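Q: Sequence plus the predicted model coming up.
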Amino acid sequence: MARFKPVQRGLMLLPIDFSQQIVPGSFEHALCFLVDHELDLSELRGRYRNDEQGASAYDPAVLLKIILLAYSRGLIGSRRIEAACRQNVLFMAVSGDSQPHFTTLAAFISELGDEVAKLFAQVLVVCDRQGLIGREMFAIDGVKLPSNASKAKSGTRADYQRQIDKMEQRVKKMLVRHREADTTPSEERQDSRETRTLERLQKEAQQLKDWLAAHPEDRKGPKGGVRQSNRTDNESAKMATGKGVIQGYTGVVTVDEKHQIILDAQAHGTGSEQELLVPAVEAVKPQMGDRTALSADAGYHSEAGLKALAAAAIDAYIPDNDYRKRDERYQGQAAHKAKPDPLWDKRPKDTKPTLFKPADFQFEPEQKTCICPAGKRLYSNGGNCTINGYRAMKFQGAKQDCAPCPLRPQCVKNPEKTKTRQVSFFLGKAPGHESHTDRMKTKIDSPQGRAMITRRFATVEPVFGNLRHNKRLDRFTLRGRSKVDGQWKLYCLVHNIEKLAHHGLGR
């Protein structure tokens, strides 16, 4: 019978050379070289005041290495990172056999603050020195991620006040029932349960009142509209995604095309990407060259944003929401949109009858005539007018034709109030009214514009694939925009260090 060497599976005491565990060319080798020789951590070290008194502290360089190595391995919880420092040989080698408590790690991440941005900028300098930044095309995009906040505790001040009123009404009814009920042994357990419910309602109502007192005004949007607040993280936002509504932040990145280096990373508590375009552009202006082009997806398209880019003389390619309808590469996409999605299609179904649209009317621009669906001729009441910068012709039905018409319920929204139907037909832009959106449409529909859309996909989407799939970033664990922004920058820092490792930093 064949004999095989025994396999040891139990506890063994082995001599380990930590320096041999960090292989040149690996992420951890580039990380250690970067932290030890390139980054200035004097401000982080300056926070400590234990020169003469107090216990010794962990070096910020060690804590930074541990956090970045953990994020590169998909570990985001501080308890799991603490366990890795005790059990994983690679973590022992990188940290010099340091085993910080999970509270130390969590406090270090949450208290980094603006220091993360300075570290991020220092790494960008190294990337530029290595020739990884091309400055030919920058791509801007964002991803919406849930945060450490309860979606159920979102609302406006009016919503919270209604919740208080409902709780107080319920409390009053329970108190009345308590007074009227006879105290019997069979009801002792029920009374005890109702007493706990009563105390809980009173406590929650008081918490809501305290929150309203501490926040005398609703959150406001950029245009003055009211935004929902959140009682666990008031800087987060309720945002609609492709898989439902989340309570979280939008992580925005600006990526260079040459080697997919992240030039800027920001986290914002809003789901509106339009208002995030200008902050992202302002952050990367120092990195832009004379021939740098900027691209973003349709979510960042707005007249105000395009106007700001034109004023700054920035060559930008930002498509509108209808660009796919004009691009033959996307022909047939309507067939896919028509397919039902039983899992995520939460849109309310429209049960109201649809009214006649201008396309249902027979319009002859040369003859300047219009025939309604009932076959009646409308008279012109505005043959040469301008509506929102467009040339238009307006028609209106005669009262003797519209009043007895059997199609009246399908033609006017309020048949009892509206006497006649009016309809307008647009004939193109009026002279001198070309907007920045019109100029961008012409730019996007050109061969160069369509090529830029493809280049944007190939530049920024792999970055999100790396962060979300490879690094397993599926949510933010902190609260407050400053802390979440720091955590987002740390993950993007891991991405850039990986790029440096692939290109031989520290070999």
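A: Now that the structure is in, tell me what you want to look at.
Q: Was I right to think Lys394 contacts Ser380?
A: Yes - the criterion here is C-beta atoms under 8 Å, and Lys394 meets it with Ser380 at 7.1 Å. For the C-beta atoms, the positions are set from N, CA and C on the backbone; glycine is no exception.
Q: So these two - more neighbours on which side?
A: Lys394 (17 against 13; other C-beta atoms under 10 Å).
Q: buried set for the helix or strand containing the more buried one?
A: In this structure, Lys394 is located in strand 390-396 according to DSSP states H and E. For strand 390-396, burial by neighbour count (16 or more other C-beta atoms under 10 Å) applies to 391-396.
Q: For it, enumerate the helices and strands it packs against.
A: Contacts defined by 3 or more C-beta pairs under 8 Å, 6 or more residues apart in numbering; DSSP states H and E place strand 390-396 against strand 377-387, strand 422-429.
Q: Include mean pLDDT and distance to Gln207 when you put those into TSV, please.
A: TSV is the format used below for these (pLDDT from 0 to 100; distance: least, C-beta to C-beta, whole Å):
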stretch	mean pLDDT	distance to Gln207
strand 377-387	83	51
strand 422-429	86	53
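Q: out of the ones you listed, which comes closest to Ser78?
A: Between Ser78 and the helices and strands packed on strand 390-396, the shortest gap by C-beta to C-beta is with strand 422-429, which sits at 57.6 Å.
Q: Return the set of buried residues in stretch 10-24.
A: Neighbour count says stretch 10-24 has 21-22 buried, by 16+ other C-beta under 10 Å.
Q: what's the span of it from first residue to last?
A: 31 Å (C-alpha to C-alpha, to the nearest Å).
Q: which strands and helices sit next to the helix or strand hosting Lys325?
A: Assigned by DSSP H and E, Lys325 belongs to helix 323-326. On a contact count with 3+ C-beta pairs under 8 Å, 6+ apart, helix 323-326 meets helix 436-444.
Q: List the contacts of the helix it packs on.
A: Contact with helix 436-444 is made by 301, 303, 306-307, 310, 316-320, 323, 326, 429, 449-450, 453, as judged by C-beta atoms under 8 Å, 6 or more residues apart in numbering.
Q: what's the lowest-pLDDT member of the residues you listed?
A: pLDDT across these is lowest for Lys429, at 75.
Q: unless I'm mixing things up, it is touching Thr386, no?
A: No - with contact defined as C-beta under 8 Å, Lys429 does not count as touching Thr386 (9.6 Å).
Q: between these two, what contacts are shared?
A: With C-beta under 8 Å, 6+ apart, Lys429 and Thr386 have no common neighbours.
Q: Assign the residue nearest to the spatial centre of the chain to helix, strand or coil.
A: For the chain, the residue nearest the mean C-alpha position is Thr250 (2.2 Å; C-alpha atoms, centre = their mean). Secondary structure assignment for Thr250 (DSSP: H, G, I helix; E, B strand; the rest coil): strand.
Q: okay, now the residue lying closest to it once chain neighbours are set aside: neighbour count?
A: Closest residue in space to Thr250, ignoring its immediate chain neighbours: Gly142 at 4.8 Å, by C-beta to C-beta, 6 or more residues apart in numbering. Residues within reach of Gly142, counting by other C-beta under 10 Å, total 23.
Q: Any chance of the backbone angles for Gly142?
A: phi -140, psi 160 (degrees, to the nearest 10).
Q: Run a quick check on it versus Leu276, I expect a contact.
A: Yes - using C-beta under 8 Å, Gly142 is in contact with Leu276, at 6.5 Å.
Q: which neighbours do those two share?
A: With C-beta under 8 Å, 6+ apart, Gly142 and Leu276 have common neighbours 250, 252.
Q: in the longest helix seen in the chain, what counts as buried?
A: If you go by DSSP state H, the chain has its longest helix at helix 188-214. The neighbour-count check on helix 188-214 (16+ other C-beta under 10 Å) flags 201, 205, 208 as buried.
Q: pLDDT weak spots in the stretch 301-450 of the chain?
A: Applying pLDDT under 70 to the stretch 301-450 of the chain picks out residues 334, 336-353, 432-433.
Q: re earlier: what does the helix holding Lys325 rub up against?
A: 298, 330, 333, 441, 444-445, 453.
Q: again, only this time at 6 Å
A: 330, 444-445 (C-beta atoms under 6 Å, 6 or more residues apart in numbering).
Q: Buried residues in it, which are they?
A: So for helix 323-326, counting by 16+ other C-beta under 10 Å, buried means Tyr323.
Q: Stretch 165-173: how far from the chain's middle?
A: 38 Å (C-alpha atoms, centre = their mean, to the nearest Å).
Q: Do me a favour and average the pLDDT over it.
A: 89.
Q: circling back to that earlier point, what about burial for the contacts of helix 323-326, which qualify?
A: Ile444.
Q: nearest residue to Leu427 other than its sequence neighbours?
A: Nearest to Leu427 is Arg391, by C-beta to C-beta, 6+ apart, at 4.3 Å.
Q: now that neighbour: how far from Gln362?
A: Computed as C-beta to C-beta, to the nearest Å, the Arg391 to Gln362 distance reads 20 Å.
Q: next one: Pro24
A: Counting by C-beta to C-beta, the gap from Pro24 to Gln362 is 76 Å.
Q: What is the burial count for the nearest residue to Met393 once chain neighbours are set aside?
A: Spatially, and ignoring its direct neighbours in sequence, Met393 is nearest to Phe425 (5.1 Å; C-beta to C-beta, 6+ apart). Using other C-beta under 10 Å, Phe425 has 18 other residues around it.
Q: rewinding a little: so the residue nearest to Leu427 sits right up against Ala430, yeah?
A: Yes - here Arg391 reaches Ala430: they are 4.9 Å apart, a contact under C-beta atoms under 6 Å.
Q: Could you report the pLDDT at the residue nearest to Thr250?
A: The predicted local confidence for Gly142 is 94.
Q: Contact partners for Val143?
A: 251, 464.
Q: Repeat the analysis, applying 7 Å as the threshold.
A: 251, 464, 468 (C-beta atoms under 7 Å, 6 or more residues apart in numbering).
Q: Buried ones from those, can you make that a PyMOL selection?
A: Typed into PyMOL, the line below selects the buried ones among the contacts of Val143, using 16+ other C-beta under 10 Å:
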select buried, resi 251+464
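Q: Would you mind measuring from Tyr58 to Ile22?
A: In terms of C-beta to C-beta, Tyr58 sits 19 Å off from Ile22.
Q: now Lys471
A: On the measure of C-beta to C-beta, Lys471 and Ile22 end up 20 Å apart.
Q: just Lys307 next, same as before
A: Taken as C-beta to C-beta, the span from Lys307 to Ile22 is 51 Å.
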